[in-house]
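[1] got a predicted model here, sequence first, then my questions.
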Amino acid sequence: MSDSDKAFSGSIPELYDTYLVPLIFEAYADDLAGRVAELAPESVLETAAGSGVVTRSLAQRLKPATRYVVTDLNQPMLDHAANRQGQDDRIAWQQADALELPFDDASFDVVACQFGVMFFPDRIAGYKEARRVLKPGGQFIFSVWDHLGANDFANIVNDAAVAIFPDDPPQFLPRTPYGYFNLSAIQSELNTAGFSDVSVVTLTETSRAPSADVAARAYSEGTPLRTQIEERDASLLDIVTDRATVEIKERFGDGEVAAKMQAHVLTATA
């Protein structure tokens, strides 16, 4: 993973929350929040919280006395999440690297992470840290995307970027968010980190947008794909978006568009 894969800065946090969160993240955030809440935890750590979509769903389900620590490596994203959430005395917001968590051993009942582990430069190290801060028997619950071919809108936008930059295609989508889907490898890494009783659920959902343009723009402008396009030729950002928009319209029609998306949710016991 390159440094640009982690560049959620500038206008990206706002565009991410405006376009991408309702397009692909909300349904999975509600599912993850439900899984965590069912455990009735006294303490929860969320890592790689992004713009706070899981936080907003989970906070309303937790008990009044629950300690909830929300972290992200990217301060602009964390600031955006905190502003969206509003005042909640149960929540502590803290910038933190998931590979070097600033918390004591056995501090939390649950560690939750939605679509964040793909960004860890050393996933086993990140898994070891999650296990370290979990109490014995605690649960690490996280999600990863399935491959690009199982996620229609992302696949179309990636194809558009490849077509515009055939000699040096941006690699953000296939390399990072949609590049970590081998379940056997993930379970092996969790076992290496000391987790047991790993379970997996594959969830197929429908990604919806009010228009093809919104679906295309969510990926081309609301993720580090934008940075990678602009590094190559900023004047071609709209060209990539327009090409993806045309393809989405051809496949899914005018007006509101809906397409398949698919992800895996893993639960591992400390």
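    The structure has been received and is ready for your questions. Numbers count the residues shown, from 1 in each chain.
[2] for the rest of this, base every contact and every neighbour count on C-alpha atoms.
    Noted.
[3] and the nearest residue to Ala163 once chain neighbours are set aside, helix, strand or coil?
    Spatial nearest neighbour of Ala163, excluding adjacent residues (Cα to Cα, 6 or more residues apart in numbering): Pro169 at 7.9 Å. Three-state call for Pro169 (DSSP: H, G, I helix; E, B strand; the rest coil): coil.
[4] do you know how far Pro169 is from Glu231?
    Per Cα to Cα, to the nearest Å, Pro169 is found 11 Å from Glu231.
[5] more neighbours: these two, which one.
    Higher neighbour count among Pro169 and Glu231: Pro169, with 17 against 11, using other Cα atoms under 10 Å.
[6] identify all contacting residues around stretch 244-262.
    Outside stretch 244-262, the residues that touch it by Cα atoms under 8 Å, 6 or more residues apart in numbering are 24, 145-146, 150-153, 156-157, 159-160, 202-213, 215-216.
[7] list the buried residues in the host helix or strand of Tyr28.
    Per DSSP states H and E: Tyr28 is located in helix 26-38. Within helix 26-38, the residues scored as buried using 16 or more other Cα atoms under 10 Å are Glu26, Ala27, Tyr28, Ala29, Asp30, Asp31, Leu32, Ala33, Gly34, Arg35, Val36, Ala37.
[8] from memory the first one sits against Val53, does it?
    Read it as Glu26. Yes: using Cα atoms under 8 Å, Glu26 is in contact with Val53, at 6.6 Å.
[9] closest to Phe103 among the buried residues of helix 26-38?
    Distance ranking of the buried residues of helix 26-38 against Phe103, using Cα to Cα, places Val36 first at 19.8 Å.
[10] kindly provide the distance from the closest one to Arg123.
    From Val36 to Arg123 the distance is 22 Å (Cα to Cα).
[11] now do stretch 187-202: distance to the chain's middle.
    Its chain's C-alpha centre and that of stretch 187-202 lie 19 Å apart, by Cα atoms, centre = their mean, to the nearest Å.
[12] what does the most centrally placed residue in the chain show for phi and psi?
    By Cα atoms, centre = their mean, the chain has its centre lying nearest to Phe115, at 2.9 Å. Phe115 adopts backbone torsions of phi 50, psi 40, taken as degrees, to the nearest 10.
[13] what sits against it?
    Ala48, Phe142, Ser143, Val144, Trp145, Pro177.
[14] quick one on the thing from earlier: following element in sequence after the helix holding Tyr28, please.
    Following helix 26-38 in sequence order, the next helix or strand is strand 43-46 (DSSP H and E).
[15] and that following strand, what does it pack against?
    Applying 3 or more Cα pairs under 8 Å, 6 or more residues apart in numbering; DSSP states H and E, one finds that strand 43-46 contacts strand 67-72, strand 108-114.
[16] just give me how far that strand sits from the chain centre.
    17 Å.
[17] contacting residues around that strand?
    With contacts defined as Cα under 8 Å, 6+ apart, strand 43-46 is touched by 66-71, 107-113.
[18] hmm, back to that, need the helices and strands packed on strand 43-46 in a markdown table (columns: mean pLDDT, distance to Glu14 and mean neighbour count).
    Below are the helices and strands packed on strand 43-46 laid out as a markdown table (pLDDT from 0 to 100; distance: least, Cα to Cα, whole Å; neighbours: other Cα atoms under 10 Å):
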| stretch | mean pLDDT | distance to Glu14 | mean neighbour count |
| --- | --- | --- | --- |
| strand 67-72 | 97 | 16 | 23 |
| strand 108-114 | 98 | 18 | 25 |
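[19] in CSV: these, plus distance to His80.
    Formatted as CSV, those follow (distance: least, Cα to Cα, whole Å):
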stretch, distance to His80
strand 67-72, 11
strand 108-114, 17
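[20] nearest to Asp79, of the ones you listed?
    In terms of Cα to Cα, the element of those nearest to Asp79 is strand 67-72, at 9.6 Å.
[21] what sits against Asn158?
    Going by Cα under 8 Å, 6+ apart, the list of residues near Asn158 reads Leu173, Pro174.
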